[in-house]
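A.B. asks: what follows is a predicted structure for the sequence shown.
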Amino acid sequence: MNRVFVTRILPEPAMARLRAADLALDVWPEPGPPPYDELLRRVAGVHGLLTLLTDRIDARLLDAAGPGLRVVSQMAVGVDNIDLAACTARGIPVGHTPGVLSDAVADLTIGLMIATARRFFEANADMRAGRWTTWEPMGWTGPDLHGSTVGIVGLGRIGQAVARRLQGFNVRLLYHNRRLHPQAEELGATYVSLDDLLAASDFVTLHCPYTPDTHHLIDARALALMKPTAILINTARGGVVDQDALLEALRSGKIRAAGLDVFTPEPLPPDHPLLALPNVVALPHVGSASIATRIRMAEMAVENLLAGLAGRPLPHCANPDVYARA
């Protein structure tokens, strides 16, 4: 019987499918992730791992699992917490869940743009605190998304979904990508260099993967190129932005505001200075947090896991080179 360790309780349709399979199932029962030392202990002798982005899957952990490990399946699109090279070297396919969360993250991105620009959280806090005493001609005003210039960094599935939604706002759409994108013309997006995108955009929204090449892609130099009236949106990964540089830019007025769903570290401590700034809208990594999306993500993760245990190619594999080794 295949032994499987699942690092968190999944939505019930996925859990039901796991329980119905012929598995020796071990599920971490706590709401938080298992500590790394506990991960090392639990994975010994398993054939399959179902993980979340909060779990560090490195060479040491793979060795602790042993030679019987046949698949690592992650309930996330990104796999920057997993050492893909180490998995590939050991012949272990890594599953992920691309595509399913594009619409949910794109919806949240548009929401962050509007909430940040129109100062929703700031106005709501003032109202609750009794600071709304009269209607003021310029009270709680902010820039329009409609008719603005929006720069999308990363025109993958999520970036394209954001671009489609922005077509209804009559924006000028710029994008920067590793390469020209064939659907850009259909989306009304113009390719520009990253520097030109930063300098021209009223909103800069990040949708690139987190890799060594994109680590601190938005650093002090990049922020200095942005307009002082510009708004930065990040629903990608926290590490794409130099958070200390962003904090300084927001405090000093180098940029107007930021709408953030991802941070370094996660969770962000509640006393972090970013959370004290009135020009920051901060959310706890909820980009994919629609009910239907999370359920489908979990189902995809189970499908990848069961395929790997059966020796079949994973429906969604993050390291397809592993099959070239066979």
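C.D. replies: Done, it's in.
A.B. asks: ok but residue 232 is inside a strand, no?
C.D. replies: Yes - Residue 232 forms part of a strand when assessed by DSSP: H, G, I helix; E, B strand; the rest coil.
A.B. asks: for it, grab the count of nearby residues.
C.D. replies: Here the number of neighbours of residue 232 (other Cβ atoms under 10 Å) works out to 27. For glycine as for every other residue, the C-beta is placed from the backbone atoms N, C-alpha and C.
A.B. asks: go on, residue 37?
C.D. replies: Neighbourhood size, residue 37 [other Cβ under 10 Å]: 8.
A.B. asks: what helix or strand is it located in?
C.D. replies: Under the criterion of DSSP states H and E, residue 37 resides in helix 36-42.
A.B. asks: send the alpha carbons of whatever helix or strand comes next after that helix over as PDB?
C.D. replies: Per DSSP H and E, the first helix or strand lying C-terminal to helix 36-42 is strand 48-51. The C-alpha atoms that make up strand 48-51 are tabulated as PDB, following Å, rounded to 0.1, in the frame of the first residue of the first chain:
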ATOM      1  CA  GLY A  48       3.900  10.400  -2.100                       C
ATOM      2  CA  LEU A  49       3.800  13.900  -0.600                       C
ATOM      3  CA  LEU A  50       1.000  16.500  -1.000                       C
ATOM      4  CA  THR A  51       2.300  19.900   0.000                       C
END
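A.B. asks: what packs against strand 48-51?
C.D. replies: Packing partners of strand 48-51 (3 or more Cβ pairs under 8 Å, 6 or more residues apart in numbering; DSSP states H and E): strand 2-6, strand 71-74, helix 291-309.
A.B. asks: CA-only coordinates of whichever helix or strand comes after the shortest one in CSV, if you can.
C.D. replies: Proceeding C-terminally, strand 71-74 gives way to helix 84-89 as the next helix or strand, assigned by DSSP H and E. Backbone C-alpha positions of helix 84-89 (Å, rounded to 0.1, in the frame of the first residue of the first chain) are rendered in CSV as follows:
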residue,chain,number,x,y,z
LEU,A,84,13.0,21.2,-8.5
ALA,A,85,16.5,20.3,-9.5
ALA,A,86,16.9,18.0,-6.5
CYS,A,87,13.5,16.4,-7.4
THR,A,88,14.4,15.9,-11.0
ALA,A,89,17.8,14.5,-10.2
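A.B. asks: from residue 283, how far off is residue 107?
C.D. replies: 13 Å (Cβ to Cβ, to the nearest Å).
A.B. asks: count the neighbours of residue 138 for me.
C.D. replies: With other Cβ under 10 Å as criterion, residue 138 counts 5.
A.B. asks: ugh, typo on my part, it should be residue 134
C.D. replies: Residue 134: 5 surrounding residues under other Cβ under 10 Å.
A.B. asks: show me where the chain has its helices.
C.D. replies: Taking DSSP state H, the helices of the chain run over residues 12-20, 36-42, 59-65, 84-89, 102-117, 120-128, 157-166, 184-187, 194-200, 220-225, 243-252, 291-309.
A.B. asks: let's have these in TSV, adding mean pLDDT and distance to residue 212.
C.D. replies: Compiled in TSV, the helices of the chain are given as follows (pLDDT from 0 to 100; distance: least, Cβ to Cβ, whole Å):
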stretch	mean pLDDT	distance to residue 212
helix 12-20	95	32
helix 36-42	96	22
helix 59-65	97	17
helix 84-89	97	12
helix 102-117	98	23
helix 120-128	96	34
helix 157-166	97	20
helix 184-187	95	26
helix 194-200	98	16
helix 220-225	98	17
helix 243-252	98	17
helix 291-309	97	25
